[in-house]
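Asks: sequence-free structure coming up:
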């Protein structure tokens, strides 16, 4: 990571927890977590509260579908770190391989429902040109069977990843090996964005 | 990271009997909390500078170029961009805070555009 404070600047209890995680897994902890645990009142605490709600709260989209949307937005934002992790979690959540190739050629994917494709089209517009998002874009998603609740939830997933993709690219998140990428994806799939509350105080 | 007791599924009140409007209100409230923390909460950078980073108003160089990249082309950022800030005497905590403020502002533009097209006005 490009900022020393995000590697080593944590308060005592977060530093101990990160050190423990490192010793238990033999790997560097997730860099989104390392960022969230640094001065958590500024960003990490409210960010993680919203993240858990968006990605694992009650929603018309399954957790796996939300991971797929997360991977798609990350791909649109050219964020290799988040694409790597969230194609992994989407693969686990949907129990079907989610690849970069699939994200790049989503229009040709027979296994994506028309509803998901309409949401992909909307999110493409939201990411690339938010100023041009129009009622027609939303109408197309409605016509493909997406209820307004589903559209709102998809917009929030896009929001979260529009934000974190920029942090990952700016702060220089990376994993050291393919094994580490899969480990991060499995951990997120299993733990679902939960971080012990005492680490965020 | 391990789950804490307070976060065992089923104990969290939001896990059950949810309606779409409850959820939208909760999302908007949590978004509002995030925005307040980053824009107005305790930080090392003054609130006006954070607001400028959030809304895309110009700031002095070399911060301005860096923050424009964060907003519009974050994939172009390299070690050299952050090094340039450091050599100009910008503290790491300033980089941390203003990067988050700029990223949040850019992400909110998309969310607001989508919610507006949907006829939603309660995005927070």
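Replies: Received the coordinates, thanks. Because the structure is predicted, anything quoted here is derived from the model rather than measured.
Asks: ok, the helix or strand bottoming out on mean pLDDT in chain B near chain A or not?
Replies: Taking mean pLDDT, DSSP states H and E as the measure, the helix or strand of chain B with the lowest value is helix B:20-40, at a mean of 95. Yes: using Cβ under 8 Å from any Cβ of the partner chain, helix B:20-40 reaches chain A at B:20, B:23-24, B:26-27, B:30-31, B:33-34, B:36-38. All C-beta spots, glycine's among them, are computed from the backbone N, C-alpha and C.
Asks: just stretch B:103-114 next, same as before
Replies: Yes: against chain A, stretch B:103-114 shows contacts by Cβ under 8 Å from any Cβ at B:103-104, B:106-114.
Asks: export the residues you listed to CSV and tack on pLDDT, secondary structure and distance to residue A:179?
Replies: Compiled in CSV, these are given as follows (pLDDT from 0 to 100; DSSP: H, G, I helix; E, B strand; the rest coil; distance: Cβ to Cβ, whole Å):
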residue, pLDDT, secondary structure, distance to residue A:179
B:103, 98, helix, 29
B:104, 98, helix, 33
B:106, 98, helix, 33
B:107, 98, helix, 31
B:108, 98, helix, 36
B:109, 97, helix, 37
B:110, 97, helix, 34
B:111, 98, helix, 35
B:112, 97, helix, 40
B:113, 97, helix, 39
B:114, 97, helix, 37
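Asks: quick revisit: just the buried ones from the residues of helix B:20-40 next to chain A?
Replies: In terms of neighbour count (16 or more other Cβ atoms under 10 Å in any protein chain shown), the buried residues within those are B:20, B:23-24, B:26-27, B:30-31, B:33-34, B:37-38.
Asks: that older thread, and the least confident helix or strand of chain B, how far from the chain's centre?
Replies: Using Cα atoms, centre = their mean, to the nearest Å, the distance from the centre of helix B:20-40 to the centre of the chain it belongs to is 12 Å.
Asks: and that helix, what does it pack onto?
Replies: helix A:44-56, helix A:148-171, helix B:47-55, helix B:92-118 (3 or more Cβ pairs under 8 Å, 6 or more residues apart in numbering or on different chains; DSSP states H and E).
Asks: Of those, flag the one that's most buried.
Replies: helix A:148-171 (a mean of 25; mean count of other Cβ atoms under 10 Å in any protein chain shown).
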